[in-house]
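**Q** Generate coordinates for the sequence data below:
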Amino acid sequence: MRLFQETNSDWWEVEALYDLCFAPGREALSSYRLREVVAPVAGLCLLLRDDSGVAAAIRFWPVCVAGHDVLLLGPIAVHPTHQGEGLGGWLMRESLTRAAHLGWARVLLVGDEPYYQRFGFHRLEGVHMPPPTNPARILGLELVQGAWGGVRGTVVQYDPAQDAKSAQDSIDQGSAAT
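**A** Modelled structure (predicted):
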């Protein structure tokens, strides 16, 4: 088994894995609305390959909660022939370590707390996904201690134009100070 960063040429093979592992209509979920027209965080989209193809894959997407950048984890899937081998855990640990090294402070996912708590995820109070998401399945992880403290609100689609505006405002403020 070999670990790779997903490339554009892997996209459809990974999508086929997600189609195999998830129910039809997965793209109708509210989390997919947050991913529309936004590129995934390339350095965190990983896959595991063996001689027969993609055995497991994970993706991350930028979103915002109350003006704070957040990583939305998902989907993550393991091919049925490899389930129970620890590949999902391997991808989780590796990708979360990389996210911390890239400077991300907080991660969000929609999933089962009993499964994801072993990776440090816990239920988030006051953070809301667009409907029809079950609030008990909204989980968060702090990559920086206290990163979720005081962060409350609705998860919204990441706006790269807002990031550019914030960067320009910082440049403008820096120029004014000199």
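
**Q** what about stretch 60-79, distance to the chain center?
**A** On the basis of CA atoms, centre = their mean, to the nearest Å, stretch 60-79 sits 3 Å off its chain's mean C-alpha point.

**Q** for that stretch, which positions count as buried?
**A** Residues of stretch 60-79 classed as buried: 60-65, 70-79 (neighbour count, 16 or more other CB atoms under 10 Å). Heads up, the C-betas are built off the backbone N, CA and C, glycines and all.

**Q** Among those, name the ones in strands.
**A** Among those, DSSP state E puts 60-65, 70-78 in strands.

**Q** Among those, show me the least confident.
**A** Least confident of these in the model: residue 74, at 89.

**Q** Now do the contacts for that residue.
**A** By CB atoms under 8 Å, 6 or more residues apart in numbering, the contact list for residue 74 reads 31, 58-61, 109-111.

**Q** From the residues you listed, pick the one nearest residue 87.
**A** Checking the contacts of residue 74 against residue 87 by CB to CB gives residue 58 as the nearest, at 9.8 Å.

**Q** Return the member of the buried residues of stretch 60-79 nearest to residue 86.
**A** Using CB to CB, the buried residues of stretch 60-79 come closest to residue 86 at residue 78, 9.2 Å.
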